[in-house]
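# model this:
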Amino acid sequence: MKPVIMALLATLGTWAVTAIGAAVVFFLKKPNRILLDRMLGFAAGVMIAASFWSLLQPAIELAQTVSLIPAYLVAAFGFLCGAFFMRISDKAVCLLRGSRENRTVMLVLSVTLHNIPEGLAVGVAFGALQGGYTREMLLGAIAVAVGIGLQNFPEGMAVSAPLRREGHSRLYSFLVGQASGMVEPVAGILGAVLVVRMQTMLPYALSFAAGAMILVAVHELIPECQKSQGEKPYAATTGVILGFAVMMLLDVMLG
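Modelled structure (predicted):
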């Protein structure tokens, strides 16, 4: 299957998870915070492990064969660019929040803007499979999609639940919540096409995705999942450890 099609299917999947998260308003009056923390922690653990074994390590190996620049510099540069890109997008979200008066518009546009680099990260990871790939690279691309998808569940909920609390209908809250993830397939295709057309960029692309994943995990997922630490001190931490261990085992066993 062509990498661009794979990227499209993967980002359609992450969008679907956003919709599932938004659909919580149909079933639950109040989401279980501890369960949510564990899910976020697990997603963070998966993303951290995948960033090295599935992305950075293959990036270094590829750079040793296709790049005239030392492999460690290629990986470091791509990694920093990915983290910087996510940082800039986060700053844009903060500026957006300060420039609107309508809370609903702020919320939806903020989450939507945040989803663009996430879709790009998934597209880049699958675009790197063009022209042949190892099992580690395929697993890495899947891990990126799974990690993004897991964190999209609470994001969909984070949009639909406040809308429901403000008095909107369940259907309206769900439709707006799932719409925040619609940009991911578009961004995913864009990221995959760019990488497919520039094969020498593969090591940079893989390390770029790793940098984006680490920033999301450390800056957003881990702090968010620790908010209920007083009630269940190790709930989220256990999720992080389990997610890391599962992803590490998959990478090592299948590699």
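
# quick check on residue 169: phi, psi?
Note on residue 169: backbone dihedrals following degrees, to the nearest 10 are phi -70, psi 160.

# and for it, the neighbour number?
Neighbours of residue 169 under the rule other Cβ atoms under 10 Å: 11. C-betas here are computed from N, CA, C, even on glycine.

# and it, what pLDDT?
Looking at residue 169, its pLDDT is 84.

# what does residue 17 give?
Listed pLDDT for residue 17 reads 90.

# centre of the chain to the helix or strand harbouring it, how far?
Assigned by DSSP states H and E, residue 17 belongs to helix 3-22. Put simply, helix 3-22 sits 11 Å off its chain's centre (Cα atoms, centre = their mean, to the nearest Å).

# equivalent analysis for stretch 212-222, please.
9 Å.

# just the CA atoms of it, as CSV, please.
Only the C-alpha atoms of stretch 212-222 are listed here, as CSV (Å, rounded to 0.1, in the frame of the first residue of the first chain):
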residue,chain,number,x,y,z
ALA,A,212,7.1,16.5,17.9
MET,A,213,6.1,13.4,19.9
ILE,A,214,8.4,14.1,22.8
LEU,A,215,7.3,17.7,23.1
VAL,A,216,3.6,16.7,23.1
ALA,A,217,4.2,13.9,25.6
VAL,A,218,6.3,16.0,28.1
HIS,A,219,4.7,19.4,27.7
GLU,A,220,1.0,18.3,27.4
LEU,A,221,0.2,14.7,28.2
ILE,A,222,2.3,14.1,31.3
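
# in that stretch, which residues are buried?
212, 213, 214, 215, 216, 217, 220, 221, 222 (16 or more other Cβ atoms under 10 Å).

# one more: stretch 188-205?
For stretch 188-205, burial by neighbour count (16+ other Cβ under 10 Å) applies to 188-193, 195-196, 201-205.

# pull the most distant pair out of those residues.
Comparing every pair within those by Cβ to Cβ identifies 189 and 203 as the most remote, at 21.6 Å.

# now do the helices in the stretch 101-250 of the chain.
Applying DSSP state H, counting those that start in this stretch to the stretch 101-250 of the chain gives helices spanning 103-127, 135-165, 170-179, 183-196, 202-215, 222-225, 235-254.

# most tightly surrounded among those?
helix 202-215 (a mean of 28; mean count of other Cβ atoms under 10 Å).

# so residue 135 versus residue 142, what's the distance?
According to Cβ to Cβ, to the nearest Å, residue 135 stands 10 Å off from residue 142.

# cool, and residue 90?
Between residue 90 and residue 142 the computed distance is 25 Å (Cβ to Cβ).

# do the same with residue 54
Between residue 54 and residue 142 the computed distance is 8 Å (Cβ to Cβ).

# how about low-confidence regions in the protein?
Within the chain, the ranges that satisfy pLDDT under 70 run 1, 28-31, 93-114, 117, 131-134, 158, 162, 165-166, 199, 250-255.

# from the centroid of it, which residue is nearest?
residue 148 (2.8 Å; Cα atoms, centre = their mean).
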